[in-house]
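[1] I need the structure of the sequence given here:
(chains A, B and C)
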Amino acid sequence: MAGTIEARILALDLVLPEPKSAIATYVPFVHTNGQLLISGQLPMKDGSVAATGQLGRDVALEAGQDAAKLCALNILAQAKTALGDLDRITQLLRLNGFVSAAPDFADHPKVINGASDLLVEILGDKGRHTRIAVGCSSLPLNAAVEIDAVFSID
Amino acid sequence: MAGTIEARILALDLVLPEPKSAIATYVPFVHTNGQLLISGQLPMKDGSVAATGQLGRDVALEAGQDAAKLCALNILAQAKTALGDLDRITQLLRLNGFVSAAPDFADHPKVINGASDLLVEILGDKGRHTRIAVGCSSLPLNAAVEIDAVFSID
Amino acid sequence: MAGTIEARILALDLVLPEPKSAIATYVPFVHTNGQLLISGQLPMKDGSVAATGQLGRDVALEAGQDAAKLCALNILAQAKTALGDLDRITQLLRLNGFVSAAPDFADHPKVINGASDLLVEILGDKGRHTRIAVGCSSLPLNAAVEIDAVFSID
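    Residues are numbered from 1 along each chain as shown, chains lettered A, B, ... in the order given. Now for the predicted structure:
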């Protein structure tokens, strides 16, 4: 039986993607001392990167926001695998938002809002988090966005 | 009545800026488990970004250092809003320093020293912190520098 | 008498570099609340940066991986200075991997695997960590890679 948070995901007509498992010596999440650390998530959909390229060069703002939403869904998918029940999340503490961005791009916050807004929509006040939003010269697999997260859990 | 640390800020002839409040679903700070996390701060002064552009292209080293100082003051302004009294800080644990930088710029540490040195001047040994200093292809609002922080608090 | 982990380092024919001491107001490590935070480490060898330039421009993939290995050894060297005995590490929680990378470079994960794989080889299951791997427009001293770390310790 899904919890409150998964019910909200369903009500938003969203589906958590299949979480990408570790393909290397690093792992997608670690529990430690009441916190859940999630590795950087790319905008994966059906097993491939859904948004490639650079904001301010060949990726439009709205496509960047959609990519950030996908990163957020992949973060939640990893959290569900780690926790079993997303209702165990007590607070989203941190998002680190990395945007593949041209030298004169300035709207990194608007891109990462795609993730921030969705996570607050899903998690409510427990989703209100600190964050950074910065521009990267490039990202793994030419992804447009990469986001990692830290949750507090009970 | 201001505490010891605020007295030092005054003695240095510095004024904490008005902290930028949340303009989105993210928040400027979160307390958790004895730590205070601060969102990435830009070199805001009087409500606008005081230093825009890229180090190694159109921003001189000294201007970059001044921008890092402003980021540090904005970090302290957020911490004061969060804590009421800056004397509750027991240690600055971490600064993550992001410098908007051209491909051949190499002096990121000197830029971020603008923040590191000021924070040790203000906080004393409690201000000695771990950090990273890296180059970004661009930053929000074309800012020259963005810095986030983690404090331990009592 | 060296512990188990140092014995493994020796068995791999590796030598921990001389840890770079603080050259500024920041410090190479901070202990806090059961965690050891390590500042960003460059690929230092014998006191200078062993790999400079950008992946996808003038640094080959294998050279980038070797640079990441050197960052990992410098991380362990700092941890040894901090802890005395590396056997006090209970888990590597996090690696943040920053790769100096051209706009169309896509193999950041393969570069940072140089560090991830070595740390698991040395630390065993205690070395399995969360991480990010992102591209930077430039790094301090023109280094090809910078990596920071968080360990849990007993």
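[2] elements contacting the lengthiest helix in chain A?
    The longest helix of chain A (DSSP state H) is helix A:61-83. Judged by 3 or more Cβ pairs under 8 Å, 6 or more residues apart in numbering or on different chains; DSSP states H and E, helix A:61-83 is in contact with strand A:29-32, strand A:35-41, strand A:44-45, strand A:89-100, helix A:108-123, strand A:145-153. The C-beta positions use only the backbone N, C-alpha and C, and glycine is treated the same way.
[3] out of the ones you listed, nearest to residue B:94?
    Proximity to residue B:94 (Cβ to Cβ) singles out strand A:89-100 among these, at 11.7 Å.
[4] same for that closest one, what does it pack against?
    strand A:35-41, helix A:61-83, helix A:108-123, strand A:130-136, strand A:145-153, strand B:29-32, strand C:130-136.
[5] Number of residues surrounding residue A:78?
    By other Cβ atoms under 10 Å in any protein chain shown, the residues close to residue A:78 number 25.
[6] And the pLDDT for it?
    Here the pLDDT value assigned to residue A:78 is 96.
[7] circling back: need the helices and strands packed on helix A:61-83 in JSON lines with mean neighbour count, mean pLDDT and distance to residue A:52, can you?
    Listed next are the helices and strands packed on helix A:61-83 as JSON lines, based on neighbours: other Cβ atoms under 10 Å in any protein chain shown; pLDDT from 0 to 100; distance: least, Cβ to Cβ, whole Å:
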{"stretch": "strand A:29-32", "mean neighbour count": "18", "mean pLDDT": "94", "distance to residue A:52": "25"}
{"stretch": "strand A:35-41", "mean neighbour count": "24", "mean pLDDT": "97", "distance to residue A:52": "15"}
{"stretch": "strand A:44-45", "mean neighbour count": "18", "mean pLDDT": "95", "distance to residue A:52": "12"}
{"stretch": "strand A:89-100", "mean neighbour count": "25", "mean pLDDT": "98", "distance to residue A:52": "8"}
{"stretch": "helix A:108-123", "mean neighbour count": "24", "mean pLDDT": "96", "distance to residue A:52": "14"}
{"stretch": "strand A:145-153", "mean neighbour count": "25", "mean pLDDT": "98", "distance to residue A:52": "10"}
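[8] With distance to residue B:111 as extra columns, can I get the ones you listed in TSV?
    Output for those, formatted as TSV (distance: least, Cβ to Cβ, whole Å):
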stretch	distance to residue B:111
strand A:29-32	32
strand A:35-41	25
strand A:44-45	34
strand A:89-100	20
helix A:108-123	19
strand A:145-153	24
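[9] which residues touch the nearest residue to residue A:95 once chain neighbours are set aside?
    Nearest residue to residue A:95, sequence neighbours excluded (Cβ to Cβ, 6 or more residues apart in numbering or on different chains): residue A:131, at 4.2 Å. By Cβ atoms under 8 Å, 6 or more residues apart in numbering or on different chains, residue A:131 lies in contact with A:94, A:95, A:96, A:97, A:112, A:116, B:26, B:39, B:40.
[10] Give me every residue in chain A lying close to chain B.
    Within chain A, the residues that sit near chain B (Cβ under 8 Å from any Cβ of the partner chain) are A:33-35, A:56, A:91, A:93-95, A:100-109, A:113, A:116-117, A:119-120, A:127-137, A:152.
[11] and with 6 Å instead?
    A:93, A:101, A:103, A:105-106, A:108-109, A:113, A:116-117, A:120, A:128-135, A:137, A:152 (Cβ under 6 Å from any Cβ of the partner chain).
[12] re the thing from before, which one of the contacts of residue A:131 is nearest to residue B:7?
    residue B:39 (26.6 Å).
[13] Can you give me the pLDDT of the nearest residue to that closest one once chain neighbours are set aside?
    Using Cβ to Cβ, 6+ apart and skipping the chain neighbours, the partner closest in space to residue B:39 is residue A:130 (4.3 Å). You'll see residue A:130 listed with a pLDDT of 97.
[14] Does residue A:26 lie in a helix or a strand, and which?
    Assigned by DSSP states H and E, residue A:26 belongs to no helix or strand.
[15] neighbours around it, how many?
    28.
[16] what's the answer for residue A:66, then?
    Neighbours of residue A:66 (other Cβ under 10 Å): 20.
[17] neighbours of residue A:20, just the number please.
    By other Cβ under 10 Å, neighbour count at residue A:20 equals 15.
[18] ok but it is inside a helix, no?
    No - using DSSP: H, G, I helix; E, B strand; the rest coil, the assignment for residue A:20 is coil, not a helix.
[19] and the closest residue in space to it that isn't next to it in sequence, how far is that from chain C?
    Nearest non-adjacent residue to residue A:20, counting by Cβ to Cβ, 6+ apart: residue A:44, 5.8 Å away. Residue A:44 is 13 Å from chain C, where distance means Cβ to the nearest Cβ, to the nearest Å.
[20] Excluding residues flanking it in the chain, which one is nearest residue A:19?
    residue A:77 (4.1 Å).
[21] Could you check how far that neighbour is from chain C?
    15 Å.
[22] Now for that residue: which residues touch it?
    A:16, A:17, A:19 (Cβ atoms under 6 Å, 6 or more residues apart in numbering or on different chains).
[23] JSON lines for those, including pLDDT?
    Converted to JSON lines, the contacts of residue A:77 look like this (pLDDT from 0 to 100):
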{"residue": "A:16", "pLDDT": "90"}
{"residue": "A:17", "pLDDT": "90"}
{"residue": "A:19", "pLDDT": "87"}
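[24] tell me which of those residues is nearest to chain C?
    Closest to chain C out of the contacts of residue A:77 is residue A:19 (13.2 Å), distances taken as Cβ to the nearest Cβ.
[25] Count the residues that sit near the closest one.
    20.
[26] re the thing from before, out of the helices and strands packed on helix A:61-83, which comes closest to residue A:67?
    Across these, closest to residue A:67 is strand A:145-153 (Cβ to Cβ), at 4.3 Å.
[27] sorry, back to before: mind checking the helices and strands packed on helix A:61-83 for the one nearest to residue B:69?
    helix A:108-123 (22.1 Å).
[28] contacts for the closest one?
    Contacts for helix A:108-123 (Cβ under 6 Å, 6+ apart): A:8-9, A:64-65, A:68-69, A:71-72, A:92, A:97, A:99, A:127, A:133, A:135, A:147, B:24-26, B:140.
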